[in-house]
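> Just to be clear, the model below is a prediction. Sequence and coordinates:
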Amino acid sequence: MKSIFFLKSTLTCVLFSLIVWSCTSPEDQSEKMLGEWYNESLGVRIDASHGGTTMYEVPKGKWEEVLKIKPIQTIYKDDGTYNSTYWDLDGTVMRETGGEWEMVGDTLFLTDSGVRTGYHVEWMEGKAAFSGYLDWDSDGDEDDLYRGVQIKK
């Protein structure tokens, strides 16, 4: 009889734990995204999903030297929109883009002109690394592995 009682109480505890676990959502990361961010570095492996090895890299501290532009500024707003501004080395705005953003767990989804791209976010002290597959080489396939580090201002 003791073993049946023990089994019932153990099953009740396990069931309760599963219910509590399933009803708790992961910590909302949206608050961390809000504000102004600047690119620090990036690396892209072209055709990564097909075994490609061609790399494009902009190391930390070399953004302006390699790309000939200032670090891109991206602002994430609490209304779910974002905008990115690109400047040349003289400080003249070259391009502005924007759209909607959403955090789902540890993935940032950006939607720009109807295209939705997801980036896994790895949080660091005052920075974040974003990685995901996109069409970097404009061949029509989202098979290029991107990893970029941005600094929050």
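Cool, got the structure.

> got the contact list for residue 84?
For residue 84, the contacting residues are 72-75, 96-98, by C-beta atoms under 8 Å, 6 or more residues apart in numbering. For glycine as for every other residue, the C-beta is placed from the backbone atoms N, C-alpha and C.

> Which of the helices or strands spans it?
Following DSSP states H and E, one finds residue 84 within strand 81-87.

> what do you get for residue 90?
Residue 90 belongs to no helix or strand, assigned by DSSP H and E.

> What's the separation between it and residue 30?
Between residue 90 and residue 30 the distance is 35 Å, computed by C-beta to C-beta, to the nearest Å.

> more neighbours, these two?
Counted by other C-beta atoms under 10 Å, residue 90 and residue 30 do not tie: residue 30 has more neighbours, with 15 against 7.

> If you tally nearby residues, what's the number for residue 56?
14.

> Who is it paired with across the strands?
On the basis of DSSP bridges, residue 56 is bridged to residue 44.

> If I look at it, what pLDDT would I see?
Residue 56 is assigned a pLDDT of 91 by the prediction.

> cool, the one 3 residues further on as well?
On pLDDT, residue 59 comes in at 96.

> Look up how far residue 43 lies from it.
Note on residue 59: its distance to residue 43, by C-beta to C-beta, is 8 Å.

> Ok, residue 61 next?
Residue 61 is 14 Å from residue 43, by C-beta to C-beta.

> Give me the more crowded residue out of the two.
residue 43 (15 against 9).

> which one is that one nearest to, not counting chain neighbours?
Spatial nearest neighbour of residue 43, chain neighbours left out: residue 57 (4.6 Å); criterion: C-beta to C-beta, 6 or more residues apart in numbering.

> What residues does that neighbour make contact with?
Residue 57 makes contact with 42-44, according to C-beta under 8 Å, 6+ apart.

> mind checking how far it is from residue 92?
Applying C-beta to C-beta to residue 57 and residue 92 gives a distance of 26 Å.
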